[in-house]
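> What would the 3D arrangement of this be:
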Amino acid sequence: MMGSAALLCVLSLLEAVAGSYVMTDSNIYTAVALWLSDSAAAEAAYGHISTWETGEVTNMRNLFSGASSFNENIGA
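Just a heads-up that it's a prediction; the model follows:
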């Protein structure tokens, strides 16, 4: 039986292989926090930030607050 962490890893890989990672309200804050602290690890887990599919995100309030050094292209 696969644990929830392993299942999340597998789903992450499947979404990344498909070309973009589908972001939701439940995972985008974690992904952005990782991107701001370690963009290489975030890219390995979620793909490049410019490829994230954010159509299912309904709340981006303060998503980049405190990110004074963030200067990435977030458009596909």
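> The residue most central in space within the chain: what secondary structure?
The chain has residue 31 as the residue nearest its centroid, 3.6 Å off, counting by C-alpha atoms, centre = their mean. Of the three states, residue 31 takes helix under DSSP: H, G, I helix; E, B strand; the rest coil.
> Confirm for me that it is in contact with residue 25.
No - with contact defined as C-beta atoms under 8 Å, residue 31 does not reach residue 25; the gap is 11.5 Å. (Glycine included, C-beta is placed from N, CA and C.)
> Spell out, range by range, the helices that occur in this structure.
Along the chain, counting by DSSP state H, helices occupy 4-17, 28-37, 39-46.
> State the mean pLDDT of the first one.
Pointing back at helix 4-17 there. The pLDDT scores in helix 4-17 average 54.
> any weak-confidence spans in the protein?
1-19, 76 (pLDDT under 70).
> about what we covered before: how much space between the nearest residue to the residue nearest to the centre of the chain once chain neighbours are set aside and residue 68?
Among residues not flanking residue 31 along the chain, residue 46 sits closest, at 5.0 Å (C-beta to C-beta, 6 or more residues apart in numbering). Counting by C-beta to C-beta, to the nearest Å, the separation of residue 46 from residue 68 is 22 Å.
> So for the two, which sits in the more crowded spot?
Neighbour tally, residue 46 and residue 68, criterion other C-beta atoms under 10 Å: the higher count belongs to residue 46, 24 against 7.
> Is that one in contact with residue 20, as I believe?
No - using C-beta under 8 Å as the test, residue 46 is too far from residue 20 to be in contact (9.1 Å).
> Can you pull the residues that touch both of the two?
Jointly contacting residue 46 and residue 20 under the rule C-beta atoms under 8 Å, 6 or more residues apart in numbering are residue 52.
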